[in-house]
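In: Have a look; sequence and predicted model below, questions after that.
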There are 2 protein chains.
Amino acid sequence: MTSAFQPFQPPRRVLLGPGPSEVPPLVLQALARPTIGHLDPEFLRLMDETRAMLRQAFGTTNALTVPMSGTGSAGMETAIVNLVEPGDKVLIGIHGVFGVRMAEVARRAGAEVREVKAAWGTPLDADLLRKEALDFGPKLIGVVHAETSTGVLLDLAPVRAICDEVGALLLADMVTSLGGLEVRVDAIPVDVAYSGTQKCLSCPPGLAPVTLSPRAEAVLVARKRPVQSWYLDLSLIREYWGESRVYHHTAPINQLYGLHEALRLVLDEGLVAREARHRKVAAMLAAGLEAMGFELLVAPEHRLPPLTTVKVPDGVDEAKVRKTMLDHYGVEIGGGLGPLKGKVWRIGLMGHAANASNVAIVVGALSASLRALGGGPVCDLIKAHTAMAPFTT
Amino acid sequence: MTSAFQPFQPPRRVLLGPGPSEVPPLVLQALARPTIGHLDPEFLRLMDETRAMLRQAFGTTNALTVPMSGTGSAGMETAIVNLVEPGDKVLIGIHGVFGVRMAEVARRAGAEVREVKAAWGTPLDADLLRKEALDFGPKLIGVVHAETSTGVLLDLAPVRAICDEVGALLLADMVTSLGGLEVRVDAIPVDVAYSGTQKCLSCPPGLAPVTLSPRAEAVLVARKRPVQSWYLDLSLIREYWGESRVYHHTAPINQLYGLHEALRLVLDEGLVAREARHRKVAAMLAAGLEAMGFELLVAPEHRLPPLTTVKVPDGVDEAKVRKTMLDHYGVEIGGGLGPLKGKVWRIGLMGHAANASNVAIVVGALSASLRALGGGPVCDLIKAHTAMAPFTT
């Protein structure tokens, strides 16, 4: 046997990419508390409190609101495999990677999938979606509320109206909106939503909050066949989270300590204040970047405050810029995915990290890295800093 | 909005149930290190080191060895959904809850499932398994190496011989053996094995180590249909863990910090020494319990060292005993599952917690709780302590 490795010491980083985002010290400390049993009465109390806080963050009273034991993608799969049976018609709106993935997951669940597409960087066209929905008659319409690959925030109200018109369930990906914006699940209402912990909740990745409306829960209960995934089967998991506490799988105890603490911090700040903070710093960033000469991918009215997509100037090797930012400033931002690969940077100002200090850091590191590499545009930092003024945005 | 809850402070516990087991301070501290990105070069290095150590713990050189982003049950589902296609014949050996679950997961994956059963508390009958295998001609035979619900350790060599005879893949559940015993995946060889982190690896629950032999990987690559679970699709996940580092889902960063540190501690001790320690303290516990007058469920030659099942004496309300142990001593042990509900206690001495001190604690707390409740047998502690002597076992 070879010897073991040295203990791992993560380097100092400023996480301003599409997630994971910076985790506040109180949440990191919570992760390190001693593990207790998944049926310990004190752990059951933690579960109840966590669920109560999750409901507040989602803006819902849905009974079936739980953090799934996996990352955000497990939340997506949970939503689909629990509500879709083989042969069900599912209409997916695609305006980025996560819509593509949602359609793929639905196909793997045996659904008959139809797709409605929009250019990446724009939201779905509601008229087109309505036309397809009327023609197709889907059981479920799935859309991405906060498209992490493009930085587009989708207005769910028109999608809800279409669902009502055709009698479909509304599924919404809230991975990059929950905890950063008021997502108002009951007010819209959304039938099934999922998220991840590593974006605006400011918790490490590893849990996927999911919520189902009473109507969606009724669809689950009335299924003809078992859910294809035993691990993600909400008809079993709701028993463990319910009165009976029937063992399903061993809950990720310490991750849940972290989520409990992260939700406390979210609700202590308040969702209204939190959304206002995300909007303010996103506006500062946009103003700074635009004053520097950068173009943003998304039109102002469709921008997702926690995630800003910036077009890479012609002739710039975007990966080299990111590497320079990471190696020399410890600043992580994201590159583009799919058709946007090499064409955009993705800058996240999420949760705990959505602050003016990080706007200054990312603008400075981006500008200096571009200069260091040469060949890129010379950006006007004086102009940028003037535009970023915290008192005027 | 109601206000948030208070920070969660877990009570002091001694975790001597079927898992989660006690997590050592170094692992808890590792969990609390600052989160970094899932594509950060330093995180990729951590992944490589973790995989190298996992291979050592499994006793394998299998290329496809990864910790899945879910708990042990996600590991089970990963093993099955990646290797089984609808209509495939799967033979499952059942001698406890986890065999039952394995058969259920295989059915949900569309397999034609045949079951071979043994009484809970005994291992599978290899002759019976062989007879069914010859008659059925399965693509895969699944068994539970370490049955956490009964405390039985299954000898895998005869099962391997049967697999070779009928040309089947061998799947083994190693949830409660990995990190506590030398599991020798390549020596047997096992084609696909999975485990959890919260047993003998002494890490919090949340990750599921999985390993596939080259033959199993070839079966995965030759699939006709996509894996039904996108989240657990190893053909995609191996790309993220491979040279190309293609993004699949955001890895649970801090959990992986914990696993890295836990594996370091396992390998620093060494697998041989670790197995010897588990065997020694399990023998001490068995000697103590039997001297006290308790009967163990499993015959000595089939006992799983990390988990001991004790028969509940007639007339004793086992749940009340566990509650007394938890409330007054902070000691958690487990109850029985399925047909063993109310009939056995499950005492885990796993990983970091497999020590003589915990033997003394659990014997003392069990004895005193029984006396406090009255009605149970009066156990002879002097005799027990004599039997438990650390120098003679």
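Out: On my side now, so go ahead. Numbers count the residues shown, from 1 in each chain, chains lettered A, B, ... in the order given.
In: per the record, what domains does chain A have?
Out: Chain A breaks down into these domains under automatic domain parsing: A:25-268, A:271-387.
In: What segments of the stretch 201-350 of chain A are strands?
Out: Listed in chain order, the strands found in the stretch 201-350 of chain A under DSSP state E, counting those that start in this stretch are A:208-212, A:307-311, A:331-332, A:334-335, A:344-348.
In: and if you look at the stretch 51-200 of chain A?
Out: A:64-68, A:89-94, A:112-117, A:140-144, A:146-147, A:152-153, A:169-173, A:192-194.
In: For chain B, which of those strands is the nearest?
Out: Comparison of the strands of the stretch 51-200 of chain A against chain B by C-beta to the nearest C-beta identifies strand A:64-68 as nearest, at 9.0 Å. Where C-beta positions appear, they are placed from N, C-alpha and C, glycine not excepted.
In: Pull the distance from the closest one to the chain's centre.
Out: Relative to its parent chain, strand A:64-68 has a centroid offset of 16 Å by C-alpha atoms, centre = their mean, to the nearest Å.
In: Ok, stretch A:60-69 next?
Out: 16 Å.
In: What's the nearest residue in the stretch 101-250 of chain A when you look at chain B?
Out: Distances between the stretch 101-250 of chain A and chain B by C-beta to the nearest C-beta are smallest at A:Gly206, namely 3.5 Å.
In: Let me see the ranges of the helices in the stretch 201-350 of chain A.
Out: Taking DSSP state H, counting those that start in this stretch as the test, the helices found in the stretch 201-350 of chain A are A:214-221, A:234-241, A:253-269, A:271-292, A:318-324.
In: do the longest one and chain B meet?
Out: It refers to helix A:271-292. Yes. For helix A:271-292 and chain B, the contact criterion (C-beta under 8 Å from any C-beta of the partner chain) is met by A:Leu271.
In: quick one, phi psi at the nearest residue to A:Gly180 once chain neighbours are set aside?
Out: When the adjacent residues along the chain are set aside, A:Gly180 lies closest to A:Cys200, with 3.0 Å between them (C-beta to C-beta, 6 or more residues apart in numbering or on different chains). Main-chain torsions, A:Cys200, degrees, to the nearest 10: phi -80, psi -10.
In: what sits against A:Cys200?
Out: By C-beta atoms under 8 Å, 6 or more residues apart in numbering or on different chains, the contact set of A:Cys200 is A:21, A:176-181, A:274, A:278, A:306, A:350-351, A:354.
In: For the stretch 51-200 of chain A, which residues are neighbours of chain B?
Out: Of all the residues in the stretch 51-200 of chain A, those lying near chain B are A:52-53, A:56, A:69-74, A:76-77, A:101, A:104-105, A:108-109, A:196, A:198, going by C-beta under 8 Å from any C-beta.
In: And the residues you listed, which of them are buried?
Out: Judged by neighbour count, with 16 or more other C-beta atoms under 10 Å in any protein chain shown as the criterion, the buried members of those are A:53, A:56, A:69-74, A:76-77, A:101, A:104-105, A:108-109, A:196, A:198.
In: related to what we said a few turns ago, is it true that the residue of the stretch 101-250 of chain A closest to chain B touches A:Pro252?
Out: Yes. Between A:Gly206 and A:Pro252 there is a contact under C-beta atoms under 8 Å: 6.3 Å.
In: list the residues that contact both of these two?
Out: Between them, A:Gly206 and A:Pro252 share these contacting residues under C-beta under 8 Å, 6+ apart: B:206, B:255.
In: Which of those two has more residues huddled nearby?
Out: Just comparing A:Gly206 and A:Pro252: by other C-beta atoms under 10 Å in any protein chain shown the higher neighbour count belongs to A:Gly206, 33 against 30.
In: Show me where chain A dips below the pLDDT cut-off.
Out: Counting by pLDDT under 70, chain A contains low-confidence ranges at A:1-3, A:375-378, A:391-393.
In: Just want the most central residue of it.
Out: For chain A, the residue nearest the mean C-alpha position is A:Val175 (1.9 Å; C-alpha atoms, centre = their mean).
In: Quick check: that one vs A:Gly206, distance?
Out: Computed as C-beta to C-beta, to the nearest Å, the A:Val175 to A:Gly206 distance reads 13 Å.
In: Kindly report the same for A:Cys379.
Out: 37 Å.
In: same thing with A:His95?
Out: A:His95 sits 27 Å away from A:Gly206 when distances are taken as C-beta to C-beta.
In: Can you get me a residue count around the nearest residue to A:His352 once chain neighbours are set aside?
Out: Nearest non-adjacent residue to A:His352, counting by C-beta to C-beta, 6+ apart: A:Ser202, 4.0 Å away. Counted with other C-beta under 10 Å, residues neighbouring A:Ser202 total 29.
In: Distance check, A:Ser202 against B:His260.
Out: Distance, A:Ser202 to B:His260, using C-beta to C-beta: 23 Å.
In: Please tell me I have it right and A:Leu263 contacts A:Arg55.
Out: No. Taking C-beta under 8 Å as the definition, A:Leu263 is not a contact partner of A:Arg55, at 10.1 Å.
In: Pick out whichever of the two has more residues nearby.
Out: A:Leu263 (28 against 18).
In: Now do the same contact list for the more buried one.
Out: If a contact means C-beta under 8 Å, 6+ apart, then A:Leu263 has A:50, A:53-54, A:56-57, A:201, B:4 as its contacts.
In: For B:Phe5, see how far away it is.
Out: Where B:Phe5 is concerned, A:Leu263 sits at a distance of 9 Å (C-beta to C-beta).
In: Give me the common contacts of these two.
Out: Here A:Leu263 and B:Phe5 have A:Met53 as joint contacts, going by C-beta under 8 Å, 6+ apart.
In: Once you drop chain neighbours, what's closest to A:Tyr194?
Out: Distances taken as C-beta to C-beta, 6+ apart place A:Gly75 nearest to A:Tyr194, at 3.1 Å, with adjacent residues excluded.
In: err, A:Pro67, not the other one
Out: Of all residues not flanking A:Pro67 in the chain, A:Leu207 sits nearest, at 4.3 Å (C-beta to C-beta, 6+ apart).
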